[in-house]
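Peer 1: coordinates for the following, if possible.
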Amino acid sequence: MLSILLPTDFSKNSINAIKYALEFFKYQKVEFFLMHAYGNEFYDHDELVSREVFEAVLKKVNTKSQNNLDKLLNELKVIAPNPRYIFQTISANNTLVEEANTIADDKNIDLIVMGTQGKSNTRNIIFGSQTFQVLKYVQCPVLAIPANYTNTQPEKVMFPTNYLIPYKRRELKLLSILAKSYRSKIDVVYITTSSKLSIRQEDNKAFIKDTLSPNKINFKIENSNKIADTISGYIKENEIDMITMINTQHSFLEDLLFPSTIDKVSLGLDIPLLAFQNTARK
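Peer 2: This is a model prediction of the structure:
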């Protein structure tokens, strides 16, 4: 059974991501944790004007959060009456990143699914600040869903790599499970100006091939030193439905996450991004 965390701020984009998850994982046994972290909302509340009203305002915000979660859960059970699904709700006076990390550890979460933007949806910004922080700092794989995206049957998945990272088996197994459900083809793309691999790269490539062996894998080489442009072009030219990247220091994803780079490259990311943290977990 998969354990999946669904953070929400009850915005349209977060609800769309949740609905996407319910449809995408319909063939899997899943325990979903529907979570609202209201720490920032509480401290920004208009009625929190003095220490004397602290507890009263906190109780009010907590009650509203739990009521909204209960309402959303009832709606989701109508939308997706799937006997394979188990739901739990979590309302927390905490920041999104801290609560997500706590739940990921306590519940041994396999994946976080969330929208690329939340309530503060700003045009021309690909990742909202909350999503950016989760992608960057939460030690758990994240599947980020663009606003209004509905294609839950990816035919082609792009996996750009330089073969320098010793990948974690658990995370690659997750990719294998997701792709296998829809018989997705995985294009493992090496972007380089030299096709010769070092011994380290050969071993890492072999590990990827072995771990993803239940799937159809295409190993590709793109001759270029413009990584972001090459990724963007490959997505368009090959009609890629999902991209998976590793989030480590000096990785492709780290470069793309910085707003200046994203704006410059115009990667767009109008397809889901599956981000791995490549950390040792249970």
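Peer 1: alpha carbons only for contacts and neighbour counts from here, please
Peer 2: Noted.
Peer 1: the residue of the chain most remote from its centre in helix, strand or coil?
Peer 2: Seen from the C-alpha centroid of the chain, the residue lying at the greatest distance (CA atoms, centre = their mean) is residue 52, 39.7 Å away. Here residue 52 is helix, with the state taken from DSSP: H, G, I helix; E, B strand; the rest coil.
Peer 1: with residue 112 instead?
Peer 2: With three-state DSSP as the basis, residue 112 sits in strand.
Peer 1: show me where the stretch 51-200 of the chain has strands.
Peer 2: 85-92, 111-115, 142-145, 156-161, 185-192 (DSSP state E, counting those that start in this stretch).
Peer 1: in TSV: those, plus mean pLDDT and mean neighbour count.
Peer 2: Formatted as TSV, the strands of the stretch 51-200 of the chain follow (pLDDT from 0 to 100; neighbours: other CA atoms under 10 Å):
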stretch	mean pLDDT	mean neighbour count
strand 85-92	96	16
strand 111-115	94	25
strand 142-145	93	25
strand 156-161	94	22
strand 185-192	94	20
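Peer 1: tabulate these (a markdown table), appending distance to residue 238.
Peer 2: Shown next, in a markdown table, are the strands of the stretch 51-200 of the chain (distance: least, CA to CA, whole Å):
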| stretch | distance to residue 238 |
| --- | --- |
| strand 85-92 | 34 |
| strand 111-115 | 24 |
| strand 142-145 | 20 |
| strand 156-161 | 8 |
| strand 185-192 | 10 |
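Peer 1: ok, how many other residues are close to residue 141?
Peer 2: Applying other CA atoms under 10 Å, we find 26 residues neighbouring residue 141.
Peer 1: same check on the one 10 residues further on?
Peer 2: By the criterion of other CA under 10 Å, residue 151 has 14 neighbours.
Peer 1: tell me which residues touch it, please.
Peer 2: residue 241 (CA atoms under 8 Å, 6 or more residues apart in numbering).
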